[in-house]
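Chemist: Below are the sequence and a predicted model for it; my questions follow.
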Amino acid sequence: MLVLLALTGCDLLASGQDQIDDLQDTLDGLTNPLVVQGIVLGVAEPESSEIDLSKTDFSKGTVVTVFTADAASVNEIENAPVTGASISIKVGQQGAVDLEEVGGGAYKAAGEEVSYNASALAELSVGIGDSAAGAQVILPPAANASVPEQHDGSPMLIDLSSQEYDQVLVVVFDVGSGQVTFSNEPRDVMELYEFSTADDAGAGLTIPASAFPDESIYAVGVAGLVKGDSVNFSSMNTALSSLQAGKLKFYPVSTLALP
């Protein structure tokens with residue numbers, strides 16, 4: 001009986017220590033001043049011969065964009081960029097690719113050396129001085145969106161509510177000129193933070209009528225994005241940081257008057 005009580009007491013002490021360690025990890029994640037906001041955006045090869053990506057930035061293929069900040073609260077994110085960081089990303093069994101610092105706490109990598117393989121694990125590594133941080137996300141496949149080939153120029157609903165995505169990213173450009181007429185792609189750290197924390201963003205998005213200003217042929221790009229689980233984030237603020245991934249798929253849409 002005494003032996004059983006002793007063993008039970010040891011189990012309770014071990015369980016209590018595990019709970020304390022978990023709580024400490026949670027507190028460390030919430031109080032860490034390093035904020036990392038990243039997005040891995042792949043691009044599917046267009047199935048339609050009417051869509052030419054060579055006139056757009058999407059011809060580069062997969063683009064990885066990361067913003068870093070030293071901030072204790074969301075109000076400080078825009079005003080505290082981290083420069084001089086060493087950032088790389090590794091997808092599956094591919095070798096790590098270094099991101100280039102482009103200013104204002106932003107880092108990018110693009111081109112054929114950055115692979116996008118659905119279901120592969122993307123691992124982001126951030127080095128600042130002697131400190132190292134990391135985040136992970138599993139790359140999702142391209143979403144299956146219902147996009148009409150003929151459209152009257154009114155607002156268009158992109159509904160991905162039946163698919164398991166956290167956010168919907170949409171880009172529209174005129175096929176003839178390559179001019180982007182609509183995009184909700186985040187352009188800075190604050191936009192990316194707001195994008196990653198938007199409520200019910202995975203349900204869908206309505207493209208405004210202004211995205212189809214003329215009678216023309218447009219390319220409507222749709223990406224369903226998923227967010228990496230903050231449990232797999234290390235040495236960064238888990239409340240303010242995110243790593244998202246998705247793959248753009250382009251659909252041709254004509255607003256030309258039918259004969």
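Modeler: Looks like it came in fine.
Chemist: Which stretches in the stretch 101-250 of the chain count as helices?
Modeler: Along the stretch 101-250 of the chain, the stretches classed as helices by DSSP state H, counting those that start in this stretch are 189-196.
Chemist: Show me the shaky parts of it.
Modeler: 200-201 (pLDDT under 70).
Chemist: at 50 instead, please
Modeler: Scanning the stretch 101-250 of the chain for pLDDT under 50 picks out nothing.
Chemist: got the contact list for Ala223?
Modeler: Counting by CB atoms under 8 Å, 6 or more residues apart in numbering, Ala223 touches 41-42, 142-143, 168-170, 246-249. Every residue, glycine included, has its C-beta placed from N, CA and C.
Chemist: wait, Asp229
Modeler: Contacts of Asp229 (CB under 8 Å, 6+ apart): Gln136.
Chemist: Now do it against Ala135, distance only.
Modeler: 9 Å (CB to CB, to the nearest Å).
Chemist: Equivalent analysis for Ala239, please.
Modeler: 13 Å.
Chemist: more neighbours, the two?
Modeler: Ala135 (26 against 16; other CB atoms under 10 Å).
Chemist: what's the distance between that one and Tyr218?
Modeler: Distance from Ala135 to Tyr218, counting by CB to CB: 34 Å.
Chemist: next one: Thr206
Modeler: Distance of Thr206 to Tyr218, computed by CB to CB: 16 Å.
Chemist: Pick out whichever of those two has more residues nearby.
Modeler: Tyr218 (29 against 11).
Chemist: can you tell me how far the nearest residue to that one once chain neighbours are set aside sits from Gln150?
Modeler: Sequence neighbours aside, Val253 is the residue nearest to Tyr218 in space, at 4.8 Å (criterion: CB to CB, 6 or more residues apart in numbering). Taking CB to CB as the measure, Val253 falls 8 Å from Gln150.
Chemist: the more surrounded of these two?
Modeler: Val253 (23 against 10).
Chemist: Run a quick neighbour tally on Ala203.
Modeler: 14.
Chemist: Pull the contacting residues for it.
Modeler: Taking CB under 8 Å, 6+ apart, one finds 159-161, 168 in contact with Ala203.
Chemist: Go ahead and confirm the residue nearest to Tyr218 touches Ser146.
Modeler: No: between Val253 and Ser146 there is no contact under CB atoms under 8 Å: 11.8 Å.
Chemist: Check for me that Asn75 belongs to a helix.
Modeler: Yes: if the criterion is DSSP: H, G, I helix; E, B strand; the rest coil, then Asn75 is within a helix.
Chemist: burial measure for it, as a count.
Modeler: Neighbours of Asn75 (other CB under 10 Å): 9.
Chemist: Likewise for Ser162?
Modeler: Ser162 has 9 nearby residues by other CB under 10 Å.
Chemist: And Gly92, by the same measure?
Modeler: 13.
Chemist: Now it: closest residue in space that isn't a chain neighbour?
Modeler: Gly92 sits nearest to Ala120 (CB to CB, 6+ apart), 3.6 Å away.
Chemist: Could you do Phe195 as well?
Modeler: Spatial nearest neighbour of Phe195, chain neighbours left out: Pro186 (4.6 Å); criterion: CB to CB, 6+ apart.
Chemist: just checking, the residue nearest to Gly92 touches Val91?
Modeler: Yes: here Ala120 reaches Val91: they are 5.3 Å apart, a contact under CB under 8 Å.
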